[in-house]
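> No sequence on hand, only this structure:
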């Protein structure tokens, strides 16, 4: 696929369907917003944190194959050379877990930090974005994963 000649649309929101707690057939829609360097509602930029399914459930310890990341952008690419297929992709700044992803003895939460990646970001299919991640700042490039925000997240991490 030659990206230079394909029409690309920059989006600022991705609607993520998330299974409702204790309801296997009901979905809540979580809006993941990403404005890049642009302002969001007359304030600073907004680039939400998300969980990405990055491997099998045996990977990454308590995170069940999921990694946290910061949205960089959201793109819709129309490939008119291949039956007009539409691809939705998102460049992400991947975060890595501190202490091998184990919760801290002090606050009982997992700490993540920006991954030192020479490429700067990773492009993923938006279908691998699992849900929003609630991260609490703990410095400029470090966050605590608030796994207690809802019972589903608490049950998945612990």
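Everything's here; your move. Given the structure is predicted, the values throughout are model-derived calculations rather than measurements. Numbers count the residues shown, from 1 in each chain.
> residues of the longest strand along the chain that come out buried?
Criterion DSSP state E: the longest strand present in the chain is strand 85-97. Neighbour-count burial for strand 85-97, counted by 16 or more other C-beta atoms under 10 Å, picks out 88, 89, 90, 91, 92, 93, 94, 95, 96, 97. Placement of C-beta: from N, CA and C, glycine included.
> ok, which stretches of the chain are helices?
Using DSSP state H, the helices of the chain run over 151-157.
> Can you pull the poorly scored residue ranges out of this structure?
Scanning the chain for pLDDT under 70 picks out the ranges 1-4, 37-44, 55-65, 148-158.
> can you do 50?
1, 158 (pLDDT under 50).
> for it, which residue is closest to the average position?
residue 50 (2.3 Å; C-alpha atoms, centre = their mean).
> tell me the contacts of that residue?
By C-beta atoms under 8 Å, 6 or more residues apart in numbering, residue 50 lies in contact with 16, 32, 68, 69, 70, 71, 92, 129, 130, 131, 132, 133.
> Residue 90 is in contact with the fifth one, correct?
No - in this structure residue 70 lies outside contact range of residue 90 using C-beta atoms under 8 Å: 10.4 Å.
> how much space is there between the closest residue in space to residue 17 that isn't next to it in sequence and residue 131?
Excluding the flanking residues, the one nearest residue 17 by C-beta to C-beta, 6 or more residues apart in numbering is residue 27, at 4.3 Å. Applying C-beta to C-beta, to the nearest Å, the value for residue 27 to residue 131 is 11 Å.
> residues bridging contact with those two, i.e. touching both?
Joint contacts of residue 27 and residue 131 (C-beta under 8 Å, 6+ apart) are residue 18.
> more crowded one of the two?
More crowded of residue 27 and residue 131, by other C-beta atoms under 10 Å: residue 131, with 20 against 12.
> OK, contacts around that one?
16, 18, 30, 50, 51.
> so it bridges to which residues?
Per DSSP bridges, the residues bridged to residue 131 are residue 51.
> Hmm, residue 130 is touching residue 67, no?
No - with contact defined as C-beta under 8 Å, residue 130 does not reach residue 67; the gap is 9.7 Å.
> Please spell out which residues along stretch 117-124 are buried.
Buried residues in stretch 117-124, counted by 16+ other C-beta under 10 Å: 121, 122, 124.
> That concludes my questions; thank you for your assistance.
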